[in-house]
Structures are given as C-alpha cells and as structure tokens.
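Chemist: 3D, please:
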Amino acid sequence: HRSLEEECRRLEGSLLDSSSQFEQAKADTERSKELEAKLETTTRHAKEAQAELDHWKSVAESRKDEIVQLNANLRDVSTQLLELLKWKGDSHVELSEAAKSAIQLAARQY
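Modeler: Coordinates of the predicted model:
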C-alpha cells in the first residue's frame, strides 16, 4: 500500500514535470512563431529597401551619363564660341585694316 502511494506521488511529480515541460515547449513554440513572423517582415522590408536602393543607383547612374553628355556638349559649344570669337576678331582686324586703307586712300586723293 505504501509503495503504491509512493508510486502515485512519483507519477504525480512526473506528470507535473511533464505538464510544466509541455507549457514551456508551448511557450517556446509561440515565441518561435513570433520570431519567424518578425524575420519574414524584416526580410521583406530588406528586399524592398534593396529594390529602392537599386532604383536610385540606376537613377544616379543615368544622371551621371546625362551629366557626362551635357559636359561634352558644353565643351563643344565653348569650342564653337571660341572659334566664332576668333573669327570675329580676325574679321574685325581685317575690317579695321580695310578702313584704314580706305581712309589713307581717300586722304591721298584729296
């Protein structure tokens, strides 16, 4: 009879331990599910952020190409402007010399 009571107490203790372990496992499983959901959300946000970063890198790269092209165009226009100013200067010198010659010729005729 006594050994039966001891066996019952041992089984009750074992049952309480098993119940406690079950509750802990249940809590751990719930926490694991919460962490998994957070990981999925964080992963999704990271992918979205990477996609946005890639987009802006692409925009920056295209802007860089545009700036390179604009700088090339600006150099071409500057070169053309310098050539035009040189031509205008040369023409001005030629006109001045022609005017001086005309004045001298006119002065000689009078």
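Chemist: What mean pLDDT does stretch 96-105 get?
Modeler: Averaged across stretch 96-105, pLDDT comes to 82.
Chemist: Tell me the buried residues in that stretch?
Modeler: Buried residues in stretch 96-105, counted by 16 or more other CB atoms under 10 Å: none are found. All C-beta spots, glycine's among them, are computed from the backbone N, C-alpha and C.
Chemist: so how far is it off the chain centroid?
Modeler: Centroid separation for stretch 96-105 versus its chain: 66 Å, with CA atoms, centre = their mean, to the nearest Å.
Chemist: what's in contact with it?
Modeler: By CB atoms under 8 Å, 6 or more residues apart in numbering, the list of residues contacting stretch 96-105 from outside is empty.
Chemist: As PDB, could you dump the C-alpha coordinates of that stretch?
Modeler: Extracted in PDB, the C-alpha atoms of stretch 96-105 (Å, rounded to 0.1, in the frame of the first residue of the first chain):
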ATOM      1  CA  SER A  96      39.900  97.900 -89.400                       C
ATOM      2  CA  GLU A  97      42.800  97.500 -91.800                       C
ATOM      3  CA  ALA A  98      40.500  97.900 -94.800                       C
ATOM      4  CA  ALA A  99      39.000 101.000 -93.200                       C
ATOM      5  CA  LYS A 100      42.500 102.400 -92.600                       C
ATOM      6  CA  SER A 101      43.500 101.700 -96.100                       C
ATOM      7  CA  ALA A 102      40.300 103.400 -97.400                       C
ATOM      8  CA  ILE A 103      41.000 106.400 -95.200                       C
ATOM      9  CA  GLN A 104      44.600 106.600 -96.400                       C
ATOM     10  CA  LEU A 105      43.500 106.200-100.000                       C
END
